[in-house]
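Engineer: sequence first, predicted coordinates after that:
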Amino acid sequence: MSTTRKRVYGYLAEFKNASQLYKAAEKVRDAGFKKWDCYSPYPIHGLDGAMGMKRSILPWFVFFGGMTGTATAFSLAYSTQVIIYPTIVQAKPTNIFTIPAYFPIMFELTVLFSGFTVLFGLLALIQLPRLNHPLFASKQFHRATDDGFFIAIEARDPQFSPNQTRDLLAEIGGKNIELVEEED
Amino acid sequence: MATTTHTAHEPHTGVKLPVLEREKLILSGRSYHWITDRICGVLENRQPFIWWLLFIPSALIALIGVGGGLTHLVSTGVGIWGNTNRVMWGWPIVNFVFWIGIGHAGTLISAILFLTRQNWRTSINRAAEAMTIFAVMCAGIFPAFHVGRVWFAWFLAPVPNANAIWQNFKSPLLWDVFAVSTYFTISLIFWYLGMVPDLATIRDRCKPGLRRILYGIFSLGWRGGNRQWSHYEMAYLLLAALSTPLVLSVHSVVSFDFATSVVPGWHTTIFPPYFVAGAIFGGFAMVLTIMVPARFIYGLQDLITMKHIDNMAKIILLTGTIVGYAYLMELFVAFYSGAIYEMDAFKFRIAGPYWWAYLAMMTCNVISPQVFWWRSCRENLWVVMIVAMFVNVGMWFERFVIIVTTLARMWLPGDWKTFSPSPQDQLLFIGTIGLFLALFMLFLRFLPCINIAEVKWAMRESDPHHDDHLEHPDPGTIVEAAYQHELAGK
């Protein structure tokens, strides 16, 4: 059997409910931590502010993704209908003035490209998929997807100190404070 | 649950404002863990006998109807269908429009009710979205094979081919290809993304093994941190905002297939809104058809309450009445236009050889939902189920009336034909019903049928400010208990 070295991931503390978590998050934010997160079974509205987080930048990605879709549909329709294979059907001319007839497909591809941008943009922003995470080594963390509310403060945060951070978590109402370690 | 404790503090000097208590979406004061247990229990426990009783026949019907039916069709040729005449759209396009319409309720519930903050959607959106996906899958079969030689179906896609011919981008039929395929893709993304946190819940309940690995892979390593939730919520909002115009566009584009033609009875501007209302109407009926039995079988009454069913019944009443208005307006415009061909088309619909289809459409879609004006009918699940079945049938007949009775009397008397579906037509349609049911049963067996995270989110104590009143004892309001019939002893 090989010996494994362990590296400290950080502290994990449980909180009673959403409002306790919210109040604790404000205090962790005010203590100046940056590498930490609140874990809950459902999205808690307002927690972004309590954690000092900015609004998600995903809409910007999606705007440009959607515009790419519009441009793709227009160039597809225009190049095939006007340049490569001009055919007069339904008495419509083969020039730029036919553009109203291309609107439905321009709309659909805008939505389609936006949808894919949402999916892949989201995965990039939340850094998933990944196969494992140090927190999954915790014995209590599985409750975060059921009825547990947790705060985890990571050891790589410059403010982290083995004793003071634990005391802070205890002071703001954290229970079952656990030192989570990952295998190196 | 501290719902009416606001009044227990020191007296307020001014007049207290009465505030009506919000009707609870989750009954019996269930805990988060109970919700997780109950919803995951649907797929973790042994399936009840009735699951097998429904799954095995529907899977067999799907196998024979879709598998066998399509094999026979492709190996013989589409000539075995009944539409080898001027009623060339025939039964396959009736079924296509029927199924694609069913899907619309799923997107309505998940997207439009999300944007309008109707929190009651959380208990039913997952199943309705699943229904959307399966209905669109059933729908896709028909046009794909209706093209004649299905191995040339790729001609629909704008890719260079050996004949150097490009698709006609001015044609509603090509718009339809883009609309339906986009709709399917976006619905799938929406459904899957919405399911990721719930798949993580199931993963965390599994014992180590294959199940855990598979749910682990599909949950993408979700941890439920707020740094994830924040982006996730934004993604969900964006998808809802994208799906809302999309769902309205899909059935509008389907109706353009009809409305842009120069055929009496089809060439009308009322078609897009009329089709969309009809689709939502038919879709909600299908949601009720499936969810009312499912909530009994799996004991989900505290999650899918009578309030949910009441709301759905009201939407059926509203959209059914819009559809009824559209039917009457079509008749009025045909009369008011003074166009003899238009008038004849409608006379033929009502009094021609297909009078029974028109009558079935009118009775099922316009008259039957009117019983939902009465609360006692909305609360009686037998009545709700019967009306939902009527609507399912009626919406199929609506498409039959629109397509078959119109094409049976086109401009030239030489084209006139009375349509009858061939056995192969009927087999394939019954097969898709089996396919739909079988897929839904598998969904119940393997995936969380109610959105666990969102149901928890919709509960009162999930709001981090729900207990703020303890620090500010007197908000100046008085909460009055609202009517809730489960609590009133019904």
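Structural biologist: Arrived safely, thanks for sending.
Engineer: give me the number of residues near A:Pro100?
Structural biologist: Neighbour count of A:Pro100, defined by other C-beta atoms under 10 Å in any protein chain shown: 9. Where you see a C-beta, it was placed from the backbone N, CA and C, and this is true even at glycine.
Engineer: make sure it is indeed in a helix.
Structural biologist: Yes: according to DSSP: H, G, I helix; E, B strand; the rest coil, the state of A:Pro100 is that of a helix.
Engineer: let's check: the centremost residue of chain A is which one?
Structural biologist: A:Ile126 (3.5 Å; C-alpha atoms, centre = their mean).
Engineer: who's in contact with the residue nearest to that residue when sequence neighbours are not counted?
Structural biologist: Closest residue to A:Ile126 apart from its sequence neighbours, by C-beta to C-beta, 6 or more residues apart in numbering or on different chains: B:Gln228 at 4.4 Å. By C-beta atoms under 8 Å, 6 or more residues apart in numbering or on different chains, the residues touching B:Gln228 are A:126, A:128, B:222.
Engineer: take the residues you listed and keep only those in strands.
Structural biologist: Of the contacts of B:Gln228, none are assigned to strands by DSSP state E.
Engineer: can I get those in TSV including pLDDT and distance to B:Trp120?
Structural biologist: Output for the contacts of B:Gln228, formatted as TSV (pLDDT from 0 to 100; distance: C-beta to C-beta, whole Å):
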residue	pLDDT	distance to B:Trp120
A:Ile126	93	28
A:Leu128	88	30
B:Trp222	94	25
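Engineer: I'd like the residues you listed laid out as a markdown table, including distance to A:Ile83.
Structural biologist: Compiled in a markdown table, these are given as follows (distance: C-beta to C-beta, whole Å):
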| residue | distance to A:Ile83 |
| --- | --- |
| A:Ile126 | 42 |
| A:Leu128 | 42 |
| B:Trp222 | 47 |
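Engineer: where in chain A is pLDDT low?
Structural biologist: A:1-3 (pLDDT under 70).
Engineer: cutoff 80 now
Structural biologist: For chain A, the stretches with pLDDT under 80 are A:1-4, A:90, A:183-184.
Engineer: do chain B as well
Structural biologist: Applying pLDDT under 80 to chain B flags the ranges B:1-16, B:18-24, B:105, B:161-164, B:468-490.
Engineer: mind listing what the residue of the stretch 251-400 of chain B found nearest chain A touches?
Structural biologist: Proximity of the stretch 251-400 of chain B to chain A (C-beta to the nearest C-beta) peaks at B:Val253, 5.7 Å away. Counting by C-beta under 8 Å, 6+ apart, B:Val253 makes contact with A:104, B:172, B:175-176, B:179.
Engineer: let's see it at 6 Å
Structural biologist: Applying C-beta atoms under 6 Å, 6 or more residues apart in numbering or on different chains to B:Val253 gives the contacts A:104, B:175-176, B:179.
Engineer: with the contacts of B:Gln228 in mind, which one is nearest to B:Trp154?
Structural biologist: Distances from B:Trp154 to the contacts of B:Gln228, taken as C-beta to C-beta, are shortest for A:Leu128 (33.7 Å).
Engineer: what's the nearest residue to that closest one if we skip its chain neighbours?
Structural biologist: Per C-beta to C-beta, 6+ apart, closest to A:Leu128 is B:Leu220, 4.4 Å.
Engineer: same check, this time on B:Leu437
Structural biologist: Closest to B:Leu437 by C-beta to C-beta, 6+ apart is B:Ser58, at 3.8 Å.
Engineer: and that neighbour, how many neighbours does it have?
Structural biologist: Using other C-beta under 10 Å, B:Ser58 is surrounded by 21 other residues.
Engineer: wait, it touches B:Ala438, no?
Structural biologist: Yes: counting by C-beta atoms under 6 Å, B:Ala438 is a contact partner of B:Ser58 at 4.3 Å.
Engineer: between the contacts of B:Val253, which is nearest B:Ala164?
Structural biologist: B:Trp175 (22.5 Å).
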